[in-house]
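K.L.:
Give me the fold of what follows.
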Amino acid sequence: MPLIKPNRRDLLKLAALAPALALPATARAALTGPGDAGNPPYFRFTVGSARITIVSDGRLQLPAAGVSTNADPDEVMAFLKSHRLSTEENYSHTNHVVIETGDNVVLVDVGSGNRFLDTAGRLLANLDAAGIDPASITHVVITHAHPDHIWGIRDDFDEPIFPDAEYVIGAGEYDWWMQDGLAGSVPAEMQQFVVGAVNSLTADGLDWTMAQDGHEVVPGVTLIPTPGHTLNHMSIRVESDGQQLIALGDCMTHAYVSVERPDWHGGFDQDGAMASETRKKILDMAATDEIAVVGYHFPFPGVGHVMRDGDGYRFVPAIWRWE
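P.N.:
Okay, the predicted model is just below:
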């Protein structure tokens, strides 16, 4: 099978076929899904006095070639093989962050709902499994307006899932998607992304707060600009009692590629060079200041640390604790 270097059009077309992809893995441990009992779809820990719960919205299954569009395909395949990852399919988790601090409950992104891939859209069911009442959500922060982060904002009746929450988004992100005539100026395969974003951003009953760099959502929870994946992507910093966590959103989309090869452009990065510079900045910050991170598409629960490794970096998953 010849290796190809896909462009953005190729990746979007392949993404539409993702539910049909069920390709076998080779030379890797055959770690299958859970049995009848299932695995818990949430994970809890604390950052200082802030209580954090990671809640899954499900998974995306996309072509592995999309982890980099600017690197040599042979090098990409060799990297994936060396990490015991499939060279055919990128099995991507969707890890939502719920931050409980004081009287506030902040949810980061709202997932796909039932409007994107049928392997995702589990957020509400998994919030229930975690014992989190949707009515308790006081703030919803949107990192960016891609389908798997915002299309779940409304129900089948086009009403907000969290009607009493304050919705926060970067002002630049909102303005970019809401440009007049945008759907007609992008490639045909991107038009559904634009229409879906606009429909989500303009759903009736939403109370939007337009945020800038440093916007404080609630005490201890602030936004930091992490552009490139989209031009105005935002990440979330949590600070409490001297401890910190950065919810990366999609400024890093792969726990190994994004961290160890930050110069590789992801298939859905809007500006690959900008995204690479953002990754390097955040990696240096996280490693230098010992800030924990959580990646939306990292292997569940996506929580860990960044450590220096020679001239580069490695992601070190946090230890799962039961006590």
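K.L.:
For I99, give the beta-bridge partners.
P.N.:
On the basis of DSSP bridges, I99 is bridged to I52, V106.
K.L.:
That one is in contact with S49, isn't it?
P.N.:
No - at 11.3 Å, I99 does not count as touching S49 under the criterion of CB atoms under 8 Å. C-beta here means a position set from N, CA and C on the backbone, and glycine is covered the same way.
K.L.:
Give me the more crowded residue out of the two.
P.N.:
Under the criterion of other CB atoms under 10 Å, the comparison of I99 against S49 puts I99 first, with 25 against 12.
K.L.:
Now do the same for the more buried one: its pLDDT.
P.N.:
Looking at I99, its pLDDT is 98.
K.L.:
what does L117 give?
P.N.:
In this prediction, L117 has a pLDDT value of 86.
K.L.:
Helix, strand, or coil at it?
P.N.:
Put simply, L117 is coil when judged by DSSP: H, G, I helix; E, B strand; the rest coil.
K.L.:
Run a quick neighbour tally on it.
P.N.:
20.
K.L.:
and if you look at I291?
P.N.:
If you count neighbours by other CB under 10 Å, I291 ends up with 19.
K.L.:
can you pull the contacts of it?
P.N.:
If you count contacts by CB atoms under 8 Å, 6 or more residues apart in numbering, I291 has them with R237, Q244, L245, I246, M285, V306.
K.L.:
so where is the stretch 201-323 of the chain shaky, pLDDT-wise?
P.N.:
For the stretch 201-323 of the chain, applying pLDDT under 70 flags the ranges 323.
K.L.:
all strands for it, in order.
P.N.:
208-211, 216-218, 221-225, 234-240, 243-247, 292-294, 303-309, 312-317 (DSSP state E, counting those that start in this stretch).
K.L.:
With Q191 as the reference, name the closest of the ones you listed.
P.N.:
Nearest to Q191 among the strands of the stretch 201-323 of the chain is strand 208-211; the distance by CB to CB comes to 23.2 Å.
K.L.:
list the buried ones in the helix ranked longest in the chain?
P.N.:
Using DSSP state H, we find that the single longest helix of the chain is helix 272-288. Neighbour-count burial for helix 272-288, counted by 16 or more other CB atoms under 10 Å, picks out G272, M274, A275, S276, T278, R279, I282, L283, M285, A286, A287.
K.L.:
Could you do stretch 97-115 as well?
P.N.:
For stretch 97-115, the neighbour count (16+ other CB under 10 Å) marks 97-101, 104-113, 115 as buried.
K.L.:
Ok, stretch 177-184 next?
P.N.:
In terms of neighbour count (16+ other CB under 10 Å), stretch 177-184 has its buried residues at W177, L182, A183.
K.L.:
contacting residues for the second one?
P.N.:
Contacts for L182 (CB under 8 Å, 6+ apart) come out as W176, V194, V198.
K.L.:
swap the cut-off to 6 Å and go again
P.N.:
V194 (CB atoms under 6 Å, 6 or more residues apart in numbering).
K.L.:
Tell me where the chain has helices.
P.N.:
Under DSSP H, the chain gives helices at 8-16, 73-82, 123-129, 147-150, 171-177, 182-185, 188-201, 257-260, 272-288.
K.L.:
Those helices: which one's closest to G312?
P.N.:
Among the helices of the chain, the nearest to G312 by CB to CB is helix 257-260 (5.9 Å).
K.L.:
can the strands of the stretch 201-323 of the chain go into JSON lines with extra columns for distance to N39 and mean neighbour count?
P.N.:
Below are the strands of the stretch 201-323 of the chain laid out as JSON lines (distance: least, CB to CB, whole Å; neighbours: other CB atoms under 10 Å):
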{"stretch": "strand 208-211", "distance to N39": "35", "mean neighbour count": "16"}
{"stretch": "strand 216-218", "distance to N39": "30", "mean neighbour count": "18"}
{"stretch": "strand 221-225", "distance to N39": "28", "mean neighbour count": "20"}
{"stretch": "strand 234-240", "distance to N39": "25", "mean neighbour count": "23"}
{"stretch": "strand 243-247", "distance to N39": "22", "mean neighbour count": "22"}
{"stretch": "strand 292-294", "distance to N39": "18", "mean neighbour count": "24"}
{"stretch": "strand 303-309", "distance to N39": "16", "mean neighbour count": "17"}
{"stretch": "strand 312-317", "distance to N39": "16", "mean neighbour count": "16"}
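K.L.:
wait, V67 sits on V257?
P.N.:
Yes - judged on CB atoms under 6 Å, V67 makes contact with V257 at a distance of 4.7 Å.
K.L.:
Can you pull the residues that touch both of these two?
P.N.:
Residues touching both V67 and V257 (CB under 6 Å, 6+ apart): none.
K.L.:
okay, the contacts of I291 in CSV with distance to F300 next?
P.N.:
Below are the contacts of I291 laid out as CSV (distance: CB to CB, whole Å):
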residue, distance to F300
R237, 22
Q244, 22
L245, 16
I246, 18
M285, 24
V306, 18
